[in-house]
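Asker: 3D, please:
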Amino acid sequence: MKALHFGAGNIGRGFIGKLLNDAGFEVCFADVNEIVISALIERGEYPVKVVGEDIVIEQVSNVTALNSNDPAIVDLICDLDIITTAVGPTVLKIIASTLANGIAKRMESGNTKALNIIACENMIRGTSQLKASVYELLNDDQQSFADLNIGFVDSAVDRIVPPAEAGETDPLAVTVETFSEWIVDQTQFKGEIPNIPGMECTDNLMAFVERKLFTLNTGHLITAYLGVLAGHETIKDSIEDPAIHADVKAAMTESGAVLIKRYGFDPKTHAAYIEKILGRFANPYLRDEVDRVGRQPIRKLSPNDRLIKPLNGTLEYGLPNAHLIKGIAAAFLYVNDDDPQAVELQAMFADKGFEETLAHYSELNSDAEVVKLAKTAYLALR
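Answerer: Prediction:
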């Protein structure tokens, strides 16, 4: 069995690539980082440090790599069983042309074996968005071929994989937490669903997509923004601050109430899930810096992301939202000159004011009561 994984970064190597390898796939990584690609080709393996109550080093073997721009990738796609990605939402459109060329060549060669493509990104229905980009580049016959033989499978992924530890010299070393969750939409596969331990199938993906978005992502980001304001450097330090812990837990409880209302989650089970997430934030072996988690505030203030989407849910169901609003307000106090989105947000804020800026990025009405409450929360945080 052969797999191609786009994105040889920490998530690609430490999470998805590792699960594929553990399941017996020959994994080829595609990336533009020549240092990482060269090391993967030369060594054919890399270490993964799994940290929880114990620390375990696990070796991932029988892997190789190609530069994402190498034409050989198109030929490789002709003989694959599965393609996965962990490249970030903005890069999906870039790799769409490679996938389209590979599908076209697969059709030309007469290969009708099922191929499934799974985007493992921090976004809702990322594979469906990738499919739309790929189909724009296929002619009618190629689209018909893809409809029959190429599965575009949406997924939800959850594993904290921080940047390399300070002083680490091995470009392939990666550290991950023990917990991982990879949930896929079983209705979208073509052919037989591959047996990959650690990949869980469901016919109700959106419930799990929003559970992760509203809990891990929402809590992670609010922990970061409140941590920045309190002068903390890491997520661990921030969540161990009693005041921040209380605010984050309350925000996750507010977003959780939306999930319980929308999907019928058991309240006690979801409360336990929240506690598990809070415990993961405090993992002493994961140095996750608040500046990294807080990056790209504009994307995170968009209507379908981790702050505004749960907020809209509270408005839809008439539920409490004071702590979610506090998290949104804290985003306006995130200053990072090395992050273009943070710079853009602050520039528009200075020019247009709070209400218009929040409305512009969140698509909330600038005159809405919730926007006024967010401004009040912002003034209280200053």
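Asker: tell me which strands and helices the strand or helix carrying Ala39 is in contact with?
Answerer: Under the criterion of DSSP states H and E, Ala39 resides in helix 34-43. When contacts are defined as 3 or more Cβ pairs under 8 Å, 6 or more residues apart in numbering; DSSP states H and E, helix 34-43 packs onto strand 26-31, strand 63-67. Every C-beta, even on glycine, is put in place using the N, C-alpha and C of the backbone.
Asker: Dump the shortest one to PDB, restricted to CA.
Answerer: What follows is the C-alpha trace of strand 63-67 in PDB, where atoms were taken according to Å, rounded to 0.1, in the frame of the first residue of the first chain:
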ATOM      1  CA  VAL A  63       9.600   6.600   4.300                       C
ATOM      2  CA  THR A  64      10.900   8.800   1.500                       C
ATOM      3  CA  ALA A  65      10.200  12.200   0.100                       C
ATOM      4  CA  LEU A  66       9.900  14.500  -3.000                       C
ATOM      5  CA  ASN A  67       9.900  18.200  -3.500                       C
END
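Asker: switch to numbering from 296
Answerer: Sounds good: first residue 296 from here, last item strand 358-362.
Asker: now it and helix 329-338, what's the angle there?
Answerer: Counting by axes from the mean of the first three to the mean of the last three Cα atoms, to 10 degrees, strand 358-362 points 140 degrees away from the direction of helix 329-338.
Asker: and what of the first one?
Answerer: With the same axes, to 10 degrees defining the directions, strand 321-326 sits at 160 degrees from helix 329-338.
Asker: What residues of strand 321-326 count as buried?
Answerer: 322-326 (16 or more other Cβ atoms under 10 Å).
Asker: Farthest-apart pair in the residues you listed, please.
Answerer: Farthest pair in these (Cβ to Cβ) is Val322 and Asp326. Separation: 12.4 Å.
Asker: List the buried residues in the helix holding Ala334.
Answerer: The neighbour-count check on helix 329-338 (16+ other Cβ under 10 Å) flags 331-332, 334-335 as buried.
Asker: swap in stretch 302-317?
Answerer: For stretch 302-317, the neighbour count (16+ other Cβ under 10 Å) marks 302-316 as buried.
Asker: Give me the subset of these that lies in helices.
Answerer: The members of the buried residues of stretch 302-317 that map onto helices under DSSP state H are 305-306, 312-316.
Asker: In this structure, which residue is most central in space?
Answerer: In the chain, the centroid-proximal residue (Cα atoms, centre = their mean) is Asn417; its distance is 2.0 Å.
Asker: re the thing from before, let me know the closest of the buried residues of helix 329-338 to Ser661.
Answerer: Val331 (44.6 Å).
Asker: in the stretch 546-677 of the chain, which spans are helices?
Answerer: Ranges of helices in the stretch 546-677 of the chain, per DSSP state H, counting those that start in this stretch, are 562-576, 585-589, 592-595, 603-612, 617-626, 635-647, 649-657, 664-676.
Asker: Format these as a markdown table; extra columns: mean neighbour count and distance to Ile350.
Answerer: Below are the helices of the stretch 546-677 of the chain laid out as a markdown table (neighbours: other Cβ atoms under 10 Å; distance: least, Cβ to Cβ, whole Å):
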| stretch | mean neighbour count | distance to Ile350 |
| --- | --- | --- |
| helix 562-576 | 16 | 16 |
| helix 585-589 | 21 | 22 |
| helix 592-595 | 22 | 31 |
| helix 603-612 | 19 | 34 |
| helix 617-626 | 24 | 32 |
| helix 635-647 | 15 | 34 |
| helix 649-657 | 19 | 40 |
| helix 664-676 | 16 | 37 |
